[in-house]
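Peer 1: Turn this into a structure:
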Amino acid sequence: MTLQLDDKYIWDFWHFEESGTQHLFFLQADRAIGNPDLRHWNVSVGHAVSQDLRDWTPRGRVFGPSAGPAWDDYTTWTGSVIAVDGRYHLFYTGTCRAENGMRQRIGHATADSIDGPWQRVGDGLALDLDERWYEEYQEGRWHDRALRDPWVLPDRIDGMYHMFYTARRNDGPLYERGVIGHAVSPDLVHWEATAPVYHGGHYGQLEVPQVFERDGRWYCVFCNVAAHWSEAMRERHHGGVSGTHYLVADHPLGPWQPAPGFLDGDVPCRRYAGKILRDPVTGGDCLMAFEDTGADGRFAGRIGDPIPLRLEDGLYVKADAFPARK
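Peer 2: Okay, here's the model as predicted:
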């Protein structure tokens, strides 16, 4: 029941539900490239649908890098999809060949149907780096310019749409600069970066954020690897793990703090880039993630089945089994 394609590596994904149909958009690359580490530079966006988050029907490639010289002609990476007033909006990460993929920017495409076709808004560029708050790329300091993985809330707050994304602040120790970046827009087209909503201090980066509310409390799911934990966090957690965890807050704009412990992690990395979703089978919450290291020690490149979760005093824990079906 795992979402697996025989000819493709699959990794980061984002979810959209409509009329009971579960849509996954995911990063994919041909297995013919051989080395799975090359997948990031040979990427497109795939789409699959399900009724239960378990049995999937692939719908093929739906988006990819620009054909000609452009800010996103090298890669189109992780993003999110929302629907507003009957129109669908895809926000995504892009890089260009002219910069060897080192500088990330955030793009925007729209469609009249969740099945596409997706068309870039203008040249597609929605947000570039604002150096007032976020770290610019400098060779030898960090491996890239982190401005990626946009997560956009579908409802306005104080009259504005809000975007959260992976970024790094300008100051502090190398592995304490990871932040959750923030931008606002009155119309989903014109975006302005603001100060981070989570100012970091614990990790070098927080990848693939997902922001949502449950029972009046807000959660920001993220993933990272043990090598990018701060020294203090590694000491506190026996060297750290790689996987998926989350921040908690009483308001989507913070203040955010890491939840105690770590939700789903291992060394070597077993699962990554998880999302917390409503399980249509049980009505409860579940964790879905792509499978990283398989039993053979190689990159698995598939998306696993839902893992049951439960909330205890406002914090998520992995459950031993799913509750009885409704």
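
Peer 1: what is the mean pLDDT for stretch 124-138?
Peer 2: Mean per-residue pLDDT for stretch 124-138: 97.

Peer 1: what about that stretch, how long is it end to end?
Peer 2: Taking C-alpha to C-alpha, to the nearest Å, stretch 124-138 runs 25 Å from one end to the other.

Peer 1: next one: stretch 108-122
Peer 2: 9 Å.

Peer 1: List the buried residues in that stretch.
Peer 2: The neighbour-count check on stretch 108-122 (16 or more other C-beta atoms under 10 Å) flags 108-111, 114, 116, 118, 120 as buried. The C-beta positions use only the backbone N, C-alpha and C, and glycine is treated the same way.

Peer 1: so is the nearest residue to M160 once chain neighbours are set aside in a helix, a strand, or just coil?
Peer 2: Of all residues not flanking M160 in the chain, V184 sits nearest, at 4.3 Å (C-beta to C-beta, 6 or more residues apart in numbering). With DSSP: H, G, I helix; E, B strand; the rest coil as the basis, V184 sits in strand.

Peer 1: ok, V184 - contacts?
Peer 2: V184 is in contact with 160-163, 191-192, 194, counting by C-beta atoms under 8 Å, 6 or more residues apart in numbering.

Peer 1: which of those count as buried?
Peer 2: Burial by neighbour count, 16+ other C-beta under 10 Å: within these this picks out 161-163, 191, 194.

Peer 1: in this protein, which ranges drop under the pLDDT threshold?
Peer 2: Residues of the chain meeting the criterion pLDDT under 70: 1, 320-326.

Peer 1: Show me where the protein has its helices.
Peer 2: 231-236 (DSSP state H).

Peer 1: contacting residues around V152?
Peer 2: Contacts of V152 by C-beta under 8 Å, 6+ apart are 80, 82, 89, 91, 161-164, 188.

Peer 1: Kindly report the same for D285.
Peer 2: Each residue near D285 by C-beta under 8 Å, 6+ apart is listed here: 214, 276-279, 309-311, 316.

Peer 1: Spit out the contact partners of the closest residue to D115 other than its chain neighbours.
Peer 2: Leaving aside its sequence neighbours, D115 sits nearest to R59 (C-beta to C-beta, 6+ apart; 7.0 Å). With contact taken as C-beta under 8 Å, 6+ apart, R59 is in contact with 46-49, 115.

Peer 1: need the residues you listed in JSON lines with distance to D12, can you?
Peer 2: What follows is the contacts of R59, written out as JSON lines (distance: C-beta to C-beta, whole Å):
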{"residue": "G46", "distance to D12": "11"}
{"residue": "H47", "distance to D12": "14"}
{"residue": "A48", "distance to D12": "14"}
{"residue": "V49", "distance to D12": "18"}
{"residue": "D115", "distance to D12": "20"}
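
Peer 1: In strands only, show me those.
Peer 2: Judged by DSSP state E, those include 46-49 as members of strands.

Peer 1: of those, closest to R141?
Peer 2: Closest to R141 out of the ones in strands among the contacts of R59 is G46 (33.3 Å), distances taken as C-beta to C-beta.

Peer 1: List the contacts of that closest one.
Peer 2: G46 touches 5, 8, 10, 25-28, 58-62, counting by C-beta under 8 Å, 6+ apart.

Peer 1: Give me the distance between it and I114.
Peer 2: 14 Å (C-beta to C-beta, to the nearest Å).

Peer 1: D250 now?
Peer 2: 32 Å.

Peer 1: Also D52?
Peer 2: Separation of D52 from I114 (C-beta to C-beta): 18 Å.

Peer 1: who does I307 bridge with?
Peer 2: L287 (DSSP bridges).

Peer 1: ok, now which ones touch it?
Peer 2: So I307 contacts 264, 286-289, 318 (C-beta under 8 Å, 6+ apart).

Peer 1: Just give me the neighbour total for R236.
Peer 2: 12 (other C-beta atoms under 10 Å).

Peer 1: those strands in the stretch 101-250 of the chain, which residues are they?
Peer 2: With DSSP state E, counting those that start in this stretch as the criterion, the stretch 101-250 of the chain has strands at 105-111, 119-127, 147-152, 161-168, 178-185, 192-198, 207-214, 217-224, 242-249.
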